[in-house]
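Return atomic coordinates for the entry below.
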Amino acid sequence: MHMMVSRPEQWVKPMAVAGANQYTFHLEATENPGALIKDIRENGMKVRNQWIGFIFHCFLKVGLAIKPGTTVEYLAPWANQIDMALVMTVEPGFGGQKFMEDMMPKVHWLRTQFPSLDIEVDGGVGPDTIHKCAEAGANMIVSGSAIMRSEDPRSVINLLRNVCSEAAQKRSLDR
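Modelled structure (predicted):
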C-alpha cells in the first residue's frame, strides 16, 4: 500500500485487516514518524498457509516516502527502522507527469548511506528513464503510464526489471 493520505495513522489497522503486507506513508503527512513506524510493525497479521495448514505471524513492512520538495536528509533518521524508502520523482497526485531527474541524487545518497535498504522511485519511470533510476541505486520501480500506454506492456516490464536487476548485480560486484 502506498498511502497518499493526510493522516496515515488512521489507516494502519484497516489495511492490516484487509491483507496489506507493506504500508508506505509520506513522511510529510505525519507529525510522529517513529510512532507510526512502530504502529505499523506492531500490526502484524496471522496468515494461514492453505497448502500445509500452518498459521504463522508476519509483520507489515514499512515504507517511507518523500515528495520532491523534501530533503533526503529528513528521511535519514528513520532509514534504519524502515524496509523501503520511496523517492517520488513527480509531485504526487496524477499519472503521466514528466520524470524529475534532479531526484536521482537523493536515490544515490540513500544507496550510498544505506546499501541494503530497498529504494523505490515512483513517477515518470519508463524505458527512457529507467537507466538513470537503476544507476542511481533504485531497486524497486513504480511505472504506470509507460506500461499502460505501451503497445507491448510485457516488453516494457521486462526491460524495467532487467535494467534494475543488472544494476543491482553490478553494485554487488563493486562492493
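
What values do phi and psi take at residue 99?
Backbone torsions of residue 99, given as degrees, to the nearest 10, read phi -60, psi 130.

what's next to stretch 168-175, contact-wise?
The contact list for stretch 168-175, computed with Cβ atoms under 8 Å, 6 or more residues apart in numbering, reads 111, 115, 134, 137, 139. Quick note: C-beta positions are derived from backbone N, CA and C, even for glycine.

okay if I get those as TSV plus secondary structure?
Output for the contacts of stretch 168-175, formatted as TSV (DSSP: H, G, I helix; E, B strand; the rest coil):
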residue	secondary structure
111	helix
115	coil
134	helix
137	coil
139	coil
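
Could you single out the nearest of the residues you listed to residue 75?
Closest approach between the contacts of stretch 168-175 and residue 75, by Cβ to Cβ: residue 111, at 12.9 Å.

okay, that closest one: pLDDT?
At residue 111, the model reports a pLDDT of 97.

Same question for residue 10.
As predicted, residue 10 sits at a pLDDT of 95.

how far is stretch 100-115 from where the chain is centred?
The gap between where stretch 100-115 is centred and where its chain is centred comes out at 13 Å by Cα atoms, centre = their mean, to the nearest Å.

need the helices for this structure, in chain order.
Taking DSSP state H, the helices of the chain run over residues 12-18, 33-42, 72-75, 104-113, 130-136, 145-148, 153-174.

Name the pair among the contacts of stretch 168-175 with the greatest separation in space.
115 and 134 (14.9 Å).

And these two? Which one has more around it.
A direct count of neighbours by other Cβ atoms under 10 Å for residue 115 and residue 134 places residue 134 higher, at 24 against 12.
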